[in-house]
Structure formats: C-alpha cells, structure tokens
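> make a model of this:
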Amino acid sequence: MTEEEKAKYYKDVLQDVLPVGIENMGNTCYLNSTLQMMKKIPELRKAIDEHKPMAKSPRDNLISEMRVQFRNMDTMGKATQPLMLLQAFFGLFPMFAERTKDGRAFQQQDADECFQMMLQEMRVVLRSAEADEEPMIQLESEVVESDVVRRLFEIKMQVQFQNLENPTDKNLAPSESQNKLGCIIADQDPPINYINQGIAASLLAQVEKQSTLTGMNALFEKKMRMENLPPYLMVQKIRFVWKEADVNTGTEGRKAKIFKKVLFPIILDANEFLTSELQEKLVANRKAEIEQELKAKDAEKEKYENFKAQYADKDMDTFKIHQLFKKQCEEDKVKEIDSKLWASMDDAKCTGKYRLCGVITHKGRSSESGHYISWIHHKGEEWVKFDDDEVTKVKEEEITALHG
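Model prediction:
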C-alpha cells in the first residue's frame, strides 16, 4: 500500500491513526509546534476549513495555506513539507523570515510569540455564523461577536486597584482582555514550585498611578481576576527574561532562560483566579460534581458485581474476572475522557476546571536557538509527541514530567 492508502486504512478500518508530522525547513520547529496545536482544536480547524475570503490578503492567504496543509496532513500519511504555508506565513510576518548569520537556515523564533501573533491576525478574518452562541461562562449575557478566536480564547479580566498606603483608596478599572494567563517563575518569595502559584503571582502587580481620591501619584496594588471561562485556557510559563548588560563581566544584554522546575497538573482548577461573582455562579456545579464522583464510586462496586454474574456458570477464577473488568473500565475511561475533553463547553456543567490537552516545550538555553516540540492529547491517557517530522505515542505520565 502507498502511504496515502495506509493512512486511509488506519483511519477507516483501525479507527486509530497516528497523526503525521511537519518537516523542519530550517529552525521552523516553533511554527510546526504551533500548527500542530492549532490543528487539534476542533472549532478552530472547522473555522479554517470553512473560511471563504472576501478579498485576497496576506491574512486570507495564510488561512488558505493552513487549510491545504491540514488536509494534506490528514490524507498523505507521511510528514509534509510546508513550503507554500511557510511562504504565506513569512508574507504576513516578515520579521520571522530573518536568517542565521551564515544564511543557511532561518533564525529560531519564539513559539508563544508566533502563536499569539497568528491568533491576532486570524481573529480579523475568521468569522463564524454562530453569532448567537454563548461563547463562555461569564458574569452577564451580552451580544456575542461572530469572532471564533475571541470565543475560544479570550479572557476578560476584572481589574482592581488598591492604594498600598490608604485602604479606603480603591477602585475598579475597565476590564482588560487577553488570550492567555502568565505564570511567573522568576525571583518570587516564596519560590514558585507549582503552576497555580505562578499564575496567582502574575495576577498581582504594584504600579504607580494617580489616585482618584487625592489626585496625587501613589503606589497601588493591581489585582486581576477572570470574569469568564473561555473554552480553551492558555498558560505561558514565563521562562525567558531580559538580563541587562553587565560592564563588570563584559556580558551583553540578552534573553536568559530560567530552568526552574514548575509542576503542572493534568486538571487545573481555575477557581482561585476567578472573580467572587463568577465563583458564586459555579458553586452549584462544583457541588454537583463532587456528588457525582461519590455516586460513581458506589456504582462501580455494583457494576463489578453485575460483571461477575456473567461468569457465574463458567469455570473462571476471580483474578481473571477482575482483570477483564479492569480492562473494560479502562476502555470506558478512554471514552469518558475523550467525550468530555473535546465536547462543546456546557454552561450547566462547567466547574472552572480545565483538562490539559496540549503542551509546547523548548529545549536549549536561548530563545534564539534550541528546539521546540509539541505534545498533544491523542485519546484517553495517550498523547502524541510531535518532534517536527518524527511522531511518537507517549503516556500521560511523560507529559507531567515536562515541568522543567
């Protein structure tokens, strides 16, 4: 069979096809990782497939080439060369086309910067007819823009300022919007060891601003809290920081990488980052979730007894029966994880908990060098590692080991 026939066989007959990779065209691993992540998001992929440009533009050209690239990856059965897509990408973002000093390859770029800039441009052209669809759990209903990127990723932040010298001097500022949460991991006391600690630190800052009470400048604490829960929550560990030049050692100013280990869970509970109003809206759902988990444990015992009854008239020891039951439970767990992970957000069941579905990592000491790899959920507790054109299956425990 040809590669294309094999791909069709695995997809149609075996119902489990390993996705294909993307060839590195010379330090383009940052883009490959970004594309693999975007391809996995069903709503974003659907918007790209259905996009009909009103007029030819660099943005529309990029979306068109992404659509062709993704379809080729689905049908060709082998790693693809993104030549036309790369040309469209550089046409829209010429700053990414910079080459290394020897001219043999493109300069390594930052994957997060690539991801965010692509979303920013895609937001302009990717529109959806589902304008009346509620995009996220939020404080109050509003007219929803037919903006796919906004519906999937936008976080609205409540901003509160508190004068550090005058407790009565505080006010709410206009809400701010962003596509991701930051996770600060440098120079914190106490040190940041877990991702939720780093996120909490990023939502607090000290700024100097004019007091609305006195009209004088003062030092304020800026506290931000999420007013909504987007379907997809992006978190960036801020590993690259700017180091000023040091005349004593003769080192130039540069981006330095922080190698500190910061643990992250498969399930991230965002409740502590929410406004008190939004937390209140989720109380009933969170309580119902706990009750459901307790019922599930009781139901499993009954399920096992019913399972054993099937083998009552057969000569089979208890251990083997239990092994068969365990296998069935594992299959049911895979279906449950997949159905919940990639289903549309259900406002009636939302609890503020997010399940991890993708990670982009960087190997190396500098943002201008090194190598990017994406790790994306496949099914159940199986994940796929995308190292450019090399694609391999990995277990979930290998994902949580990527903390450093």
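
> quick one, helices of the stretch 151-300 of the chain?
Ranges of helices in the stretch 151-300 of the chain, per DSSP state H, counting those that start in this stretch, are 195-202, 276-309.

> and the longest one, which residues are buried?
What that stands for is helix 276-309. By neighbour count with 16 or more other C-beta atoms under 10 Å, helix 276-309 contains the buried residues 278-279, 281-282, 285-286, 304. Every C-beta, even on glycine, is put in place using the N, C-alpha and C of the backbone.

> of all the helices of the stretch 151-300 of the chain, which one is nearest residue 22?
Closest approach to residue 22 among those is made by helix 195-202 (27.8 Å; C-beta to C-beta).

> which strands or helices does that closest one pack on?
If contacts are counted by 3 or more C-beta pairs under 8 Å, 6 or more residues apart in numbering; DSSP states H and E, helix 195-202 sits against strand 180-184, strand 234-238, strand 267-269.

> possible to save these as JSON lines with mean pLDDT?
Listed next are those as JSON lines, based on pLDDT from 0 to 100:
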{"stretch": "strand 180-184", "mean pLDDT": "96"}
{"stretch": "strand 234-238", "mean pLDDT": "95"}
{"stretch": "strand 267-269", "mean pLDDT": "96"}
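
> quick revisit: mean pLDDT for the helices of the stretch 151-300 of the chain: which is lowest?
Lowest mean pLDDT of the helices of the stretch 151-300 of the chain: helix 276-309, a mean of 84.

> what is the subsequent helix or strand relative to it?
helix 318-341 (DSSP states H and E).

> angle of that following helix against helix 276-309?
150 degrees (axes from the mean of the first three to the mean of the last three C-alpha atoms, to 10 degrees).

> so which bits of the next helix or strand after helix 318-341 are buried?
Using DSSP H and E, the next helix or strand after helix 318-341 towards the C-terminus is strand 353-355. Of all the residues in strand 353-355, those buried under the rule 16+ other C-beta under 10 Å are 353-354.

> now strand 353-355: average pLDDT?
Here the average pLDDT along strand 353-355 is 94.

> circling back: could I get the helices of the stretch 151-300 of the chain as CSV with distance to residue 74?
Compiled in CSV, the helices of the stretch 151-300 of the chain are given as follows (distance: least, C-beta to C-beta, whole Å):
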stretch, distance to residue 74
helix 195-202, 33
helix 276-309, 35
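
> looking at the chain, which helix or strand is least sure?
Sorting the helices and strands of the chain by mean pLDDT, DSSP states H and E puts strand 137-138 at the bottom, at a mean of 56.

> OK, contacts around residue 236?
Residue 236 sits next to 112, 180-183 when contact means C-beta atoms under 8 Å, 6 or more residues apart in numbering.

> ok, now with 10 Å
Counting by C-beta atoms under 10 Å, 6 or more residues apart in numbering, residue 236 touches 111-112, 115-116, 179-183, 198-199, 202, 360.

> swap in residue 392?
Contacts of residue 392 by C-beta under 10 Å, 6+ apart are 18, 21, 383-386.

> closest to residue 77 among those residues?
Residue 77 lies nearest to residue 18 out of the contacts of residue 392, by C-beta to C-beta, at 9.8 Å.

> could you find the closest non-adjacent residue to the closest one?
residue 391 (5.9 Å; C-beta to C-beta, 6 or more residues apart in numbering).

> if we can go back for a sec, could you dump the helices and strands packed on helix 195-202 into JSON lines and include distance to residue 311?
What follows is those, written out as JSON lines (distance: least, C-beta to C-beta, whole Å):
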{"stretch": "strand 180-184", "distance to residue 311": "50"}
{"stretch": "strand 234-238", "distance to residue 311": "47"}
{"stretch": "strand 267-269", "distance to residue 311": "35"}
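
> out of these, flag the one nearest residue 161.
Between residue 161 and these, the tightest spacing by C-beta to C-beta is seen for strand 180-184, at 19.0 Å.

> name the strands paired with the closest one and say parallel or antiparallel.
According to DSSP bridges, strand 180-184 forms sheet pairs with strand 234-238 (parallel).

> now the strand it pairs with: buried residues?
For strand 234-238, burial by neighbour count (16+ other C-beta under 10 Å) applies to 234-237.

> quick one: residue 147 from residue 86, how far?
To residue 86, residue 147 is 27 Å away according to C-beta to C-beta, to the nearest Å.

> what of residue 330?
41 Å.

> looking at those two now, which is surrounded by more residues?
residue 86 (20 against 11; other C-beta atoms under 10 Å).

> excluding sequence neighbours, find me the nearest residue to that one.
Closest residue to residue 86 apart from its sequence neighbours, by C-beta to C-beta, 6+ apart: residue 25 at 5.8 Å.

> closest one of the contacts of residue 236 to residue 349?
residue 181 (22.3 Å).

> thought residue 232 was touching that closest one, still the case?
No: applying C-beta atoms under 10 Å as the test, residue 181 and residue 232 come out as separate, 11.6 Å apart.

> neighbour count: those two, which is higher?
Neighbour count, other C-beta under 10 Å: between residue 181 and residue 232, residue 181 has more, with 22 against 17.

> who's in contact with that one?
Contacts of residue 181 (C-beta under 10 Å, 6+ apart): 155, 157, 195, 198-200, 202-203, 224, 226, 233-236, 268, 270, 273.
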